[in-house]
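Sequence unavailable; structure follows:
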């Protein structure tokens, strides 16, 4: 298992640092080309880039083997009907217009990339007025879909026609958002993924009176104010400490999803549920960046002493937000991290304090409702959020 995890981590790091690598040798180069009197024409495989074609050039575009024309210009930028001319010679015409930098949205990048991915099957001409806008969308496609290093792709984009710095910054920001995020705490969950994990050992750590959340478990469940029939996800369910309490609280008409990344913990919870006759619980084995629950499937997400184990917090929070029904609750219980007060082990183990974690949750689309005070919790805090 550790060997497999090392391989997966290596693959992930390869993806993250693609922009540091030279252009791949099997990627077609950008070359000068001609399409009649059309200005600033370049070619990359079966994909052509250019400024605005003239009406007399349309037939030459077809002769070159092009099957589809994509314009990035707005309709009021021309005094002739390009769509009519292009379609009259049997070519597909697609308009994805933008002009001001603010109008170069993620949706524009998404649509252009989707079309350019099949340019080998449907030779395409992508154009605007001078190829300035073309260079911007090409930059994103070249990096994200063809694995070319950012600096190399930027040189190509400028060769094609990119001149506007604001377009370049839009493309760069889009690329950053699309790139796979790095883990905030690589390896923190390795022990839970170990095929040799001893569940009984972890029961001895988690289910003991000296652990605050064990001692406060009944008050913590009570504070959620669960209604019969509610659907709750216990995210990072571990040994299943809260599972029977939640099953009882939501009643036979409700449901509990015990979510964890550890196959051993999930198998243990399954066994205990069957043994104890709990028939309103489903275990969910999830990856490290998702809770793997359907949209609008839960009323409450409960995260106890687990959030600091999220390697990809924003990705995971996005899946929680999607899984929660409108107005649903997110309960976050985690360790205080206060230098000079918090135990040294916790200062090293927990990556950030309450305010940082609160900010991350709010950024993911949640509003803080209150901090719940529970007498038994000294080292832990208990925050209630609501989906916005």
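Now that the structure is in, tell me what you want to look at. This is a predicted model, so every value here is computed, not measured.

For the chain, which residues score under the pLDDT cut-off?
Filtered on pLDDT under 70, the chain yields the residue ranges 1-26.

List the contacts of the strand of greatest length in it.
Taking DSSP state E as the criterion, the chain has its longest strand at strand 324-335. Here strand 324-335 makes contact (Cβ atoms under 8 Å, 6 or more residues apart in numbering) with 213, 220, 224, 296-308, 320, 342, 346, 350, 354, 357-358, 361, 366, 369, 377, 379-387. C-beta coordinates here come from the backbone N, C-alpha and C atoms, glycine included.

Show the buried residues in those.
Among these, those buried by neighbour count (16 or more other Cβ atoms under 10 Å) are 213, 220, 224, 297-308, 320, 342, 350, 354, 357-358, 361, 366, 377, 379-385, 387.

Which of these fall within strands?
Per DSSP E, those map to strands at 298-304, 366, 380-385, 387.

give the contact list for residue 73.
Shown in contact with residue 73 (Cβ under 8 Å, 6+ apart): 52, 95, 97, 99, 127-129, 133.

Assign a three-state SS to it, would you?
Secondary structure of residue 73, reduced to three states by DSSP: H, G, I helix; E, B strand; the rest coil: coil.

From residue 138, how far out is it?
From residue 73 across to residue 138, the span is 16 Å (Cβ to Cβ, to the nearest Å).

Kindly report the same for residue 317.
Counting by Cβ to Cβ, the gap from residue 317 to residue 138 is 33 Å.

Pick out whichever of these two has more residues nearby.
Neighbour totals were compared for residue 317 and residue 138, and residue 138 leads with 28 against 23 (other Cβ atoms under 10 Å).

now the helices for the stretch 51-200 of the chain?
58-63, 82-88, 106-116, 132-146, 150-160, 165-178, 190-193, 199-206 (DSSP state H, counting those that start in this stretch).

ok, residues contacting the fifth one?
Translated: helix 150-160. 19, 22-23, 30, 40, 42, 49, 131, 134-136, 138-139, 142-143, 148, 162, 168, 171-172, 175.

In PyMOL, select just the buried ones from those residues.
Per 16+ other Cβ under 10 Å, the buried members of these correspond to this PyMOL selection:
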select buried, resi 19+23+30+40+42+49+131+134+135+136+138+139+142+143+148+162+168+171+172+175
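
Break this protein down into its domains, please.
16-178, 190-387 (automatic domain parsing).

re the thing from before, go through the longest strand of the chain and flag the buried ones.
324, 328-335.

Out of those, flag the one nearest to residue 189.
If you rank those by distance to residue 189 using Cβ to Cβ, residue 334 comes first, at 15.4 Å.
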